[in-house]
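In: Using only what follows, build the 3D model:
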Amino acid sequence: MQTFKEYRQIRERSVAIINEIAAHLRTLGGETKATSLEMTANTLAKNDFRIIFCGEFKRGKSTLINALLGQKSLPMKVAPCTGVITEVKYGQEPNIIVHPLKGEAFPGRIEDLRDYIAIQGNDAPEVSRVELFFPLELCQKGITLIDSPGLNEDWRRTQTSLTELNKADAVVMVLSCEMALSRSEMDFIESRLLHQKIGSFFVWNRYDAVWNDDQEIAALRERSQSRLEQHDGLVYYLSAREALVAQIRKDEARLLKSGLPSFVDSLEQFLTTKRSNIKLLAPLKEAQKAAQYGIHVLSPRAYTLQKSSLIELQNEEIALQPRLQALQQSRKDLQELIDESIEDILNDTIEALDHFISMLAQEVCVASEAVSLPQASNRQERQDFLTRWYHQWLRNALGKVAVDAFAPSIRQGFSELQDVLNIERTKFHNQIREILQIEIHLDTSPLLDSVWDDSIPQFVATAMALLIYGSSADTVSIHMLGLGALRAWIAGTAIDELEQIKFAQAMVDALKSKRAALIQEMRNHLEEHCTSMRNEIDNEMNELILDTKKQLDIAIAWQEVHTEPQEQIADALHNLKRLHTDLSELFDDV
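Out: The predicted structure is shown next:
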């Protein structure tokens with residue numbers, strides 16, 4: 001696909017085919033599968049492209065989005081500003097919808113947008129996200145722009161950005177031409193973006209600060225190439241401020257010089273050529289499986305049932321109850337198996353955390369030997385320096401644990417779970433075949449393919465590391481502030497080995513004091529990312545169980561009103577085969 005128009009046309013055709021398949025499944029008694037498929041069609045019809053703008057604070061994310069809007073809609077200032085996810089979507093008139101942390105969403109005035117999304121002091125608003133509707137041509141093409149909280153200025157807001165990142169079609173990481181790439185920025189790129197199966201665009205903002213200095217430009221491009229060479233062709237240099245001014249003043253020459261138009265063109269080309277097919281493939285595959293389900297499972301049984309007498313069907317209904325109860329028990333057992341596997345993964349992660357804590361004192365003692373306090377600094381400056389040093393050390397150490405221990409443990413745990421689930425799933429299918437008493441063909445593709453990929457263990461591991469850091473950093477700092485060693489450092493005197501040990505032990509004690517709370521947070525986080533997997537498995541089993549019962553109910557109803565359903569069954573089967581062929585052609589187009 002080369003244009004948004006072509007994508008929308010294929011999407012509309014796909015939605016129509018999926019809904020038609022659902023209608024024929026319902027005729028055959030596949031009520032539950034039909035309802036699920038209609039939900040898929042509804043989601044696809046609304047499935048716009050999502051572009052998330054991320055980066056550390058003071059990089060100009062909100063300014064860049066404002067430049068796209070052509071006016072100062074999102075708040076911009078020097079301090080960390082955006083506190084919640086802000087989604088910019090197309091609307092004929094500017095307006096907003098506010099989604100609070102508790103309660104129902106409500107409309108708001110665009111003039112009050114800052115009150116809902118801007119950080120006031122250290123507190124973010126009690127809002128989960130805000131939708132900003134704006135008559136922007138880019139959004140009219142089916143694109144949602146997402147302004148995210150700054151990375152690494154608050155761990156909970158950083159986790160919000162990471163969660164949103166996992167749902168995006170493209171990520172725009174905003175950097176500053178006036179600042180070198182920070183260690184935390186490189187950590188984010190290496191731990192998140194290199195594992196992400198989406199487009200990564202790196203925007204060096206504030207290019208106007210250097211674009212009249214050839215030497216500065218050469219140095220910037222050399223620095224960019226050495227650090228971002230894996231993303232050659234996806235690096236852009238622009239001035240969001242210049243673009244915003246140009247948009248407001250309707251100055252086309254200034255806008256072109258800002259670099260914004262070429263960046264937008266590249267974004268659009270990427271979405272149409274690289275992401276549009278990906279957005280269509282999953283629902284089309286689901287529809288194809290549903291058509292096969294109707295052809296190979298529902299229609300053979302429907303033909304068998306319509307040949308039975310009313311008495312035979314009623315007797316079968318009585319006999320079916322305990323067997324369906326057995327299937328429900330199998331479904332429950334499988335859910336318990338998932339819970340046990342999650343617990344095993346969590347225990348392995350806890351073991352890695354405990355190992356990290358056990359080695360912490362030794363490692364931080366060694367690291368603290370290299371700390372050199374700034375000269376001619378006062379007490380507060382030295383205290384701030386040490387706090388920053390500790391925070392950075394802990395963040396880096398946890399990042400290494402995420403890569404070296406958490407991610408491999410999570411990946412191995414889910415690999416083992418995949419194998420076990422496929423065995424249990426085969427047993428469940430055999431039970432279904434025995435109940436239906438016909439040879440049926442069920443989908444045997446790997447169960448977790450649609451809800452799990454190689455990037456997720458890294459994502460979960462990184463988020464866990466951030467969670468541990470965010471939950472413990474303040475507690476550790478409080479422990480440290482009571483130490484004579486810290487007071488000695490602040491006073492400028494040298495510390496001996498014994499004081500270094502006390503300093504390190506304070507960190508260990510603080511982490512141990514938070515251990516139980518950390519484990520519960522980790523459990524909650526792991527559960528959150530297993531929800532889609534759990535639902536996928538449960539839905540498949542539940543559909544087979546409920547449709548087995550529904551088909552029998554329909555067959556009894558046919559007999560009670562003396563209906564001859566052969567023609568309806570034949571018509572549904574014929575149309576499902578036709579639609580299955582249409583889907584194959586759509587796959588070729590996609």
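
In: How about the contacts made by the nearest residue to Glu317 once chain neighbours are set aside?
Out: Distances taken as CB to CB, 6 or more residues apart in numbering place Leu552 nearest to Glu317, at 5.6 Å, with adjacent residues excluded. Glycine gets a C-beta too; all of them are placed from N, C-alpha and C. Residues counted as contacts of Leu552 (CB atoms under 8 Å, 6 or more residues apart in numbering) are Gly29, Leu305, Leu313, Glu316, Glu317, Leu320.

In: for the helix or strand hosting Leu552, what is the average pLDDT?
Out: For Leu552, the enclosing helix or strand under DSSP states H and E is helix 515-560. Helix 515-560 carries an average pLDDT of 83.

In: Tell me which helix or strand comes right after it.
Out: helix 566-589.

In: Angles on the backbone of Ala168, please.
Out: phi -90, psi 160 (degrees, to the nearest 10).

In: And it, how close does it get to Leu193?
Out: As judged by CB to CB, to the nearest Å, Ala168 and Leu193 stand 11 Å apart.

In: same check, this time on Leu138
Out: From Leu138 to Leu193 the distance is 23 Å (CB to CB).

In: do Tyr90 as well
Out: 27 Å.

In: Please apply the same query to Glu164.
Out: 14 Å.

In: now swap in Leu579 and tell me
Out: Applying CB to CB, the value for Leu579 to Leu193 is 39 Å.

In: same check, this time on Ala16
Out: Between Ala16 and Leu193 the distance is 37 Å, computed by CB to CB.

In: So these two - more neighbours on which side?
Out: Leu193 (19 against 14; other CB atoms under 10 Å).

In: Test my guess that that one contacts Ala170.
Out: No: with contact defined as CB atoms under 8 Å, Leu193 does not reach Ala170; the gap is 11.1 Å.

In: which residues do the two both contact?
Out: Joint contacts of Leu193 and Ala170 (CB under 8 Å, 6+ apart) are Ser200.

In: Ala240 against Leu69, yeah?
Out: No: using CB under 8 Å, Ala240 is not in contact with Leu69, being 11.3 Å away.

In: okay, the two: which has more neighbours?
Out: The neighbour comparison of Ala240 against Leu69 (other CB under 10 Å) goes to Ala240, with 28 against 21.

In: Return the residue spatially closest to Trp363, with its sequence-adjacent residues excluded.
Out: Rather than Trp, residue 363 is Glu. Using CB to CB, 6+ apart, the nearest residue to Glu363 is Ala397, at 7.0 Å.

In: any idea of the pLDDT on the one you found?
Out: What the model reports as pLDDT for Ala397 is 84.

In: and it, what helix or strand is that in?
Out: Using DSSP H and E, Ala397 sits within helix 379-401.

In: That helix: which residues count as buried?
Out: Buried residues in helix 379-401, counted by 16 or more other CB atoms under 10 Å: 382-383, 385-387, 389-391, 393-395, 397-399, 401.

In: Which strands or helices does that helix pack on?
Out: Applying 3 or more CB pairs under 8 Å, 6 or more residues apart in numbering; DSSP states H and E, we find helix 379-401 packed against helix 183-191, helix 310-368, helix 455-481, helix 484-491.

In: pLDDT value on Gln321, please?
Out: 89.

In: Then the one 5 residues further on?
Out: In this model, Ala326 is scored at 88, pLDDT.

In: what do you get for Arg487?
Out: On the pLDDT scale, Arg487 gets 59.

In: Buried residues of stretch 291-305, list them for me.
Out: For stretch 291-305, a neighbour-count test (16+ other CB under 10 Å) marks 291-303, 305 as buried.

In: would you list those in TSV and tack on pLDDT, secondary structure and distance to Trp558?
Out: Below are the buried residues of stretch 291-305 laid out as TSV (pLDDT from 0 to 100; DSSP: H, G, I helix; E, B strand; the rest coil; distance: CB to CB, whole Å):
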residue	pLDDT	secondary structure	distance to Trp558
Ala291	95	helix	23
Gln292	92	helix	24
Tyr293	91	helix	21
Gly294	93	helix	18
Ile295	93	helix	20
His296	89	helix	21
Val297	87	helix	19
Leu298	91	helix	15
Ser299	92	helix	15
Pro300	89	helix	16
Arg301	89	helix	13
Ala302	90	helix	10
Tyr303	90	helix	12
Leu305	89	helix	8
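
In: Tell me, domain by domain, which residues of this protein belong where.
Out: As recorded under automatic domain parsing, the domains making up the chain are 4-44+277-589, 48-258.

In: So which of these is nearest Ser266?
Out: domain 48-258 (7.2 Å; CB to CB).

In: The nearest residue to Leu271 once chain neighbours are set aside: how many residues sit nearby?
Out: Excluding the flanking residues, the one nearest Leu271 by CB to CB, 6+ apart is Phe49, at 4.9 Å. Per other CB under 10 Å, the neighbour tally for Phe49 reads 24.

In: same check, this time on Ala290
Out: 28.

In: can you check Gln362 too?
Out: Neighbour count of Gln362, defined by other CB under 10 Å: 12.

In: what helix or strand is the closest residue to it other than its chain neighbours on?
Out: Of all residues not flanking Gln362 in the chain, Ala504 sits nearest, at 7.5 Å (CB to CB, 6+ apart). Ala504 is part of helix 497-513, with elements assigned from DSSP H and E.

In: Is it possible to mark the buried ones in the contacts of Leu552?
Out: Counted by 16+ other CB under 10 Å, the contacts of Leu552 give Gly29, Leu305, Leu313, Glu316 as buried.

In: For Ile357, state which of the residues you listed is nearest.
Out: Of the buried ones among the contacts of Leu552, the one sitting nearest to Ile357 (CB to CB) turns out to be Gly29, at 56.6 Å.

In: So that closest one, which state does it fall into?
Out: Per DSSP: H, G, I helix; E, B strand; the rest coil, the secondary structure class of Gly29 is coil.

In: Also the one 3 residues further on?
Out: Following three-state DSSP, Thr32 is assigned to helix.

In: Low-confidence bits of the stretch 1-150 of the chain, can you list those?
Out: 1, 73-83, 119-125, 150 (pLDDT under 70).

In: Now do the helices in it.
Out: Along the stretch 1-150 of the chain, counting by DSSP state H, counting those that start in this stretch, helices occupy 4-27, 31-45, 61-69, 113-117, 137-140.

In: just those helices: most buried one?
Out: helix 61-69 (a mean of 25; mean count of other CB atoms under 10 Å).
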